[in-house]
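[1] Please find the sequence and the predicted model below.
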Amino acid sequence: MESGPIHCPFLARPHAIIVGKLESLPSGLETIVFRILEKQQQAPQVFRFVLEAPDIARKARAGQFVILRLDERGERIPLTISDTRAEQGAVVLFVQAVGKTSTQMSQLKVGDSILDVAGPLGNPSEIALFGTVVLVGGGFGVAAIYPIARDLTQCGNTTISILGARTQDLILLQEEMQSVSTQVLPVTNDGSLGRKGMVTDELKSLIEDGTSIDRVIAIGPPVMMKAIADLTRPYKIKTVVSMNPIMIDGTGMCGACRVMVGQEMKFACVDGPEFDGHAVDFEGLLNRLKTYIPEEQESRDKWMREHSEPCQQT
């Protein structure tokens, strides 16, 4: 390998802007409309949306995200762009129904529209010829590593994708990952698909078997990314992690996505979302993520009560 990565200029795209599709209203005014073109359930509580957003689709790059707001009273949430469809003028987003807004979005139907979508935002992933890259996707994180694996493979890298989940039913995009990776290694906690155990077990085996790894990219729950970084640190394997799970506002104003990287305070949404995994202060991050769990659950439960069907009396 040459010293330093060889960059792939064919992946360069225009600068990001915030755009949407314009439609005329009866009053003669114009509004931006983001219509749901497709919706599929991929796993329990996990939904894949194809959303009409032609200008965002044309400019988005691997690793970037959008911020959306479902309606005028809705909160802003970030979602990683899993794929783009230029021919449809659409972006592909994955939603896991966990909190109030994600649960609300999971109940939308094809033809429904989303009020606001801003993007593409964030710094794109570094796509270059590194050599052999291992991409580790934990659960919902597989949707985020898909475009990165695709572009890295297109750039000439050998890509080994490790897909982890608790059980076979929760493995996302296995066939799609096989089409964009040199090798795919599924791992499930219960052994129902691939190796039984954790994604770190599979990565450790690759390292101990003598696989020459030039870079590791890990996206998933913070505790998983910490485990990956701890594993690769003694081997001095460059490891990149994504802080998209901790983003909220997406503009650097709320401060909720702050994270210490080395000796500097960074904001995941504007400085990232990808950082050197060996420099991230995961201990402080994991402690802070526990702060608002009760309030998040209360918000979701309140919304579910308000929007549930009333009991039918006989």
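    Received the coordinates, thanks. No experiment lies behind these values; they were computed from the predicted model shown.
[2] Low-confidence ranges, the stretch 101-250 of the chain, go.
    245, 248-250 (pLDDT under 70).
[3] Helices of that one, residue ranges please.
    Here the stretch 101-250 of the chain has its helices, by DSSP state H, counting those that start in this stretch, at 142-154, 174-180, 199-208, 222-232.
[4] how far out from the middle of the chain is the shortest one?
    A distance of 16 Å separates the C-alpha centroid of helix 174-180 from that of its chain, computed with Cα atoms, centre = their mean, to the nearest Å.
[5] cool, stretch 150-159 as well?
    19 Å.
[6] list the buried ones in that stretch?
    150-153, 155, 157-159 (16 or more other Cβ atoms under 10 Å). Yep, even glycine has a C-beta here, placed from its N, CA and C like the rest.
[7] what would those look like in CSV with distance to residue 281?
    Converted to CSV, the buried residues of stretch 150-159 look like this (distance: Cβ to Cβ, whole Å):
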residue, distance to residue 281
150, 31
151, 29
152, 27
153, 32
155, 31
157, 29
158, 32
159, 29
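[8] between the helices of the stretch 101-250 of the chain, which gets nearest to residue 115?
    Nearest to residue 115 among these is helix 142-154 (22.8 Å), distances taken as Cβ to Cβ.
[9] those strands in the stretch 1-150 of the chain, which residues are they?
    6-7, 21-24, 30-43, 46-52, 65-69, 77-85, 90-96, 113-114, 116-121, 128-129, 132-138 (DSSP state E, counting those that start in this stretch).
[10] tell me the most buried of those?
    strand 132-138 (a mean of 26; mean count of other Cβ atoms under 10 Å).
[11] relative to helix 199-208, how tilted is that strand?
    Counting by axes from the mean of the first three to the mean of the last three Cα atoms, to 10 degrees, strand 132-138 points 170 degrees away from the direction of helix 199-208.
[12] neighbouring contacts of strand 132-138?
    Contact partners of strand 132-138, identified using Cβ atoms under 8 Å, 6 or more residues apart in numbering, comprise 143-146, 148-149, 152, 157-165, 172, 177, 181, 199, 203, 206, 211-221, 224-225, 228.
[13] For residue 116, give me its contacts.
    So residue 116 contacts 32, 34, 67-69, 76 (Cβ under 8 Å, 6+ apart).
[14] Which one of the strands of the stretch 1-150 of the chain lies nearest to residue 273?
    Closest among these, using Cβ to Cβ: strand 65-69, at 7.0 Å.
[15] Who are the packing partners of the closest one?
    On a contact count with 3 or more Cβ pairs under 8 Å, 6 or more residues apart in numbering; DSSP states H and E, strand 65-69 meets strand 77-85, strand 116-121.
[16] can these go into a markdown table with extra columns for distance to residue 106?
    Formatted as a markdown table, the helices and strands packed on strand 65-69 follow (distance: least, Cβ to Cβ, whole Å):
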| stretch | distance to residue 106 |
| --- | --- |
| strand 77-85 | 12 |
| strand 116-121 | 17 |
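[17] Would you agree residue 124 is in contact with residue 64?
    Yes - Residue 124 lies in contact with residue 64 (Cβ atoms under 8 Å); the separation is 5.4 Å.
[18] ok, these two, which is more surrounded?
    Between residue 124 and residue 64, counted using other Cβ atoms under 10 Å, the more crowded position is residue 64 (23 against 20).
[19] tell me the contacts of the more buried one?
    16, 80-81, 119-124.
[20] How about the contacts made by the nearest residue to residue 137 once chain neighbours are set aside?
    Using Cβ to Cβ, 6 or more residues apart in numbering and skipping residues adjacent in sequence, the residue nearest residue 137 is residue 145, 4.3 Å away. Residues in contact with residue 145 (Cβ under 8 Å, 6+ apart) are 135-137, 161, 177, 217, 219.
[21] How about residue 167?
    Shown in contact with residue 167 (Cβ under 8 Å, 6+ apart): 188-190, 192-193.
[22] rerun that using 6 Å as the cut-off
    188, 190, 192 (Cβ atoms under 6 Å, 6 or more residues apart in numbering).
[23] Settle this for me: residue 80 is touching residue 243, isn't it.
    No - counting by Cβ atoms under 6 Å, residue 80 sits too far from residue 243 to count as a contact (11.3 Å).
[24] what's the span of stretch 61-81 from first residue to last?
    Distance between the two ends of stretch 61-81: 8 Å, counting by Cα to Cα, to the nearest Å.
[25] er, stretch 39-49 I mean
    5 Å.
[26] how near is the most centrally placed residue in the chain to residue 275?
    Centroid check for the chain by Cα atoms, centre = their mean gives residue 144 as the closest residue, at 3.5 Å. To residue 275, residue 144 is 14 Å away according to Cβ to Cβ, to the nearest Å.
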